[in-house]
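Colleague: The sequence isn't on hand, but the structure is:
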Ligand code: ZN
């Protein structure tokens, strides 16, 4: 179901809406955020220079460090008395980043997440369990409001405690699950241990987000659980979940472009790339009052498709995220994304979906090691079987990556599982990449 009629307006209507909102946003930050005003003045840009949507490219780019450097309130465009909520990112180093929402920001966020839920086919007859963390993390709350808005029943289970998650799923008859894709794969393993088969559950649809998700991973989820797999995308800096979402066509994620104006840039030069090109996604928020973002560099690699979708929506679609520009490893001169390695591993029988990539330096050369779990520990007893499996993985990796990798097979359940983003790449090289 199409939740909001704005999801199917014509391109010219959308651009007119985007332009007036962009002009308002630029005027707002010019007046209220010295950080943006200073950067604009350095570039010689004033609010009146924004005459078309494309003029967004005149504005300065913003990066995550700008949020950290201005911690906590430096980028806020509204006074504290208008802010009704704070959220923060799960920073791994130093201070987190803090974002603030006005009452209107909360309303927009709820509507954006309602679009996510209804595009995934969630409605009043559904019972939706949220296995995203609540607290300062945006994931739990955002999806909570959106799912409640479309009239479904919310089970705010929060993250972790898989046995309890599965108990709720069985007892309440959960039909929809909000989680990270790696967590649902972890749940399928716990189900196996607990002797729960997919037929014991009423689970029908997954709303996955919070980390990258390859089409091979999707096939695995569908195979193991027989559910519809939909992905959605967002980040704390922009609002949390609700930036873009898949419809049941599974052909890219529709961007809520009446609120988030996308561009694709060359991650090296910052130049805007032509329509359809692959590059780094950049978003400008069009309605945010608390903390507007001007040309925020997401570091996510994607591409945009403006063709109308078979579902009837006209809002632009972004491809599933291909990797992060800062995850991109240059190994012996070759660009490698962890998502490419993941895609290869998914095509090999006998190994699990959990893996680790370790990059080291050996005799001044980069060395790539892939650690992956066997699905069946007994396989470790057959040397010949292991050898042929390793050979198969290495050959497939060589075709895709053009480089050789060392492959280590591990016992099932050896690698650490997390409910949030998994740490898959470990860099032990002497130099930075
Ligand atoms: Zn669609």
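Modeller: That came in fine, so what should we check first? Being a predicted model, the structure only gives us computed values, none of them experimental. Numbering: from 1, shown residues only.

Colleague: OK, contacts around the residue nearest to residue 236 when sequence neighbours are not counted?
Modeller: The shortest distance from residue 236 to any non-neighbouring residue, by C-beta to C-beta, 6 or more residues apart in numbering, is to residue 89 (4.2 Å). Bear in mind the C-beta positions are built from the backbone N, C-alpha and C, glycine included. Shown in contact with residue 89 (C-beta atoms under 8 Å, 6 or more residues apart in numbering): 96, 97, 137, 235, 236, 237.

Colleague: again with residue 319
Modeller: Applying C-beta under 8 Å, 6+ apart, we find residue 319 in contact with 252, 253, 278, 302, 303, 304, 305.

Colleague: Can you tell me the closest non-neighbouring residue to the second one?
Modeller: What it means is residue 253. residue 244 (3.9 Å).

Colleague: so what secondary structure elements neighbour the host helix or strand of residue 341?
Modeller: Assigned by DSSP states H and E, residue 341 falls within helix 338-345. Other elements packing on helix 338-345 under the criterion 3 or more C-beta pairs under 8 Å, 6 or more residues apart in numbering; DSSP states H and E are helix 215-225, strand 323-324, strand 351-362, strand 365-374, helix 383-401.

Colleague: how about the helices of the stretch 101-250 of the chain, start to end?
Modeller: With DSSP state H, counting those that start in this stretch, the ranges of helices along the stretch 101-250 of the chain come out as 103-119, 138-149, 162-172, 181-194, 215-225.

Colleague: Export these as TSV, with columns for distance to residue 297, mean neighbour count and mean pLDDT.
Modeller: Output for these, formatted as TSV (distance: least, C-beta to C-beta, whole Å; neighbours: other C-beta atoms under 10 Å; pLDDT from 0 to 100):
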stretch	distance to residue 297	mean neighbour count	mean pLDDT
helix 103-119	21	23	98
helix 138-149	19	25	96
helix 162-172	35	16	97
helix 181-194	24	19	91
helix 215-225	25	17	86
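
Colleague: could I get those helices as TSV with distance to the ion?
Modeller: Below are these laid out as TSV (distance: least, C-beta to the ion, whole Å):
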stretch	distance to the ion
helix 103-119	7
helix 138-149	17
helix 162-172	28
helix 181-194	20
helix 215-225	16
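
Colleague: and residue 317, which of those helices is closest to it?
Modeller: Evaluated with C-beta to C-beta, those place helix 103-119 nearest to residue 317, the distance being 11.3 Å.

Colleague: For the closest one, what is the distance to the chain centroid?
Modeller: Distance, stretch centre to chain centre, for helix 103-119: 17 Å (C-alpha atoms, centre = their mean, to the nearest Å).

Colleague: quick one: that helix to helix 138-149, angle?
Modeller: 70 degrees (axes from the mean of the first three to the mean of the last three C-alpha atoms, to 10 degrees).

Colleague: rewinding a little: sitting in helices, which of the contacts of residue 319 do you find?
Modeller: Judged by DSSP state H, helices contain none of the contacts of residue 319.

Colleague: for the residues you listed, which one is nearest the ion?
Modeller: Within those, the smallest distance to the ion is 7.7 Å, found for residue 252 (C-beta to the ion).

Colleague: Now do the longest helix seen in the chain, average pLDDT.
Modeller: When the chain is parsed with DSSP H, its longest helix is helix 11-32. For helix 11-32, mean pLDDT rounds to 98.

Colleague: Can you list the helices and strands that it packs against?
Modeller: Going by 3+ C-beta pairs under 8 Å, 6+ apart, helix 11-32 lies up against helix 34-43, strand 279-285.

Colleague: Flag every buried residue along that helix.
Modeller: 14-15, 17-19, 21-23, 25-26, 28-30, 32 (16 or more other C-beta atoms under 10 Å).

Colleague: got it, and stretch 48-57?
Modeller: 50, 53, 56.

Colleague: ok, of these, which one's closest to the ion?
Modeller: For the buried residues of stretch 48-57, the nearest to the ion is residue 53 (21.8 Å; C-beta to the ion).

Colleague: OK, contacts around the closest residue to the ion within the stretch 151-300 of the chain?
Modeller: Per C-beta to the ion, residue 247 is where the stretch 151-300 of the chain lies closest to the ion, at 3.3 Å. Residues near residue 247 by C-beta under 8 Å, 6+ apart: 119, 120, 230, 254, 309, 311, 313.

Colleague: which one of the residues you listed has the most neighbours?
Modeller: residue 120 (29 neighbours; other C-beta atoms under 10 Å).

Colleague: was I right about that residue contacting residue 176?
Modeller: Yes - if you go by C-beta atoms under 8 Å, residue 120 and residue 176 touch, sitting 7.3 Å apart.

Colleague: Now do the shared contacts for the two.
Modeller: Residues touching both residue 120 and residue 176 (C-beta under 8 Å, 6+ apart): 205, 207.

Colleague: Near the ion, which residues of this protein? Just list them.
Modeller: 247, 249, 309, 311, 313 (C-beta under 5 Å from the ion).

Colleague: Provide a list of residues in contact with the nearest residue to residue 126 once chain neighbours are set aside.
Modeller: Leaving aside its sequence neighbours, residue 126 sits nearest to residue 152 (C-beta to C-beta, 6+ apart; 4.1 Å). For residue 152, the contacting residues are 117, 122, 123, 124, 125, 126, 127, 128, 176, by C-beta under 8 Å, 6+ apart.
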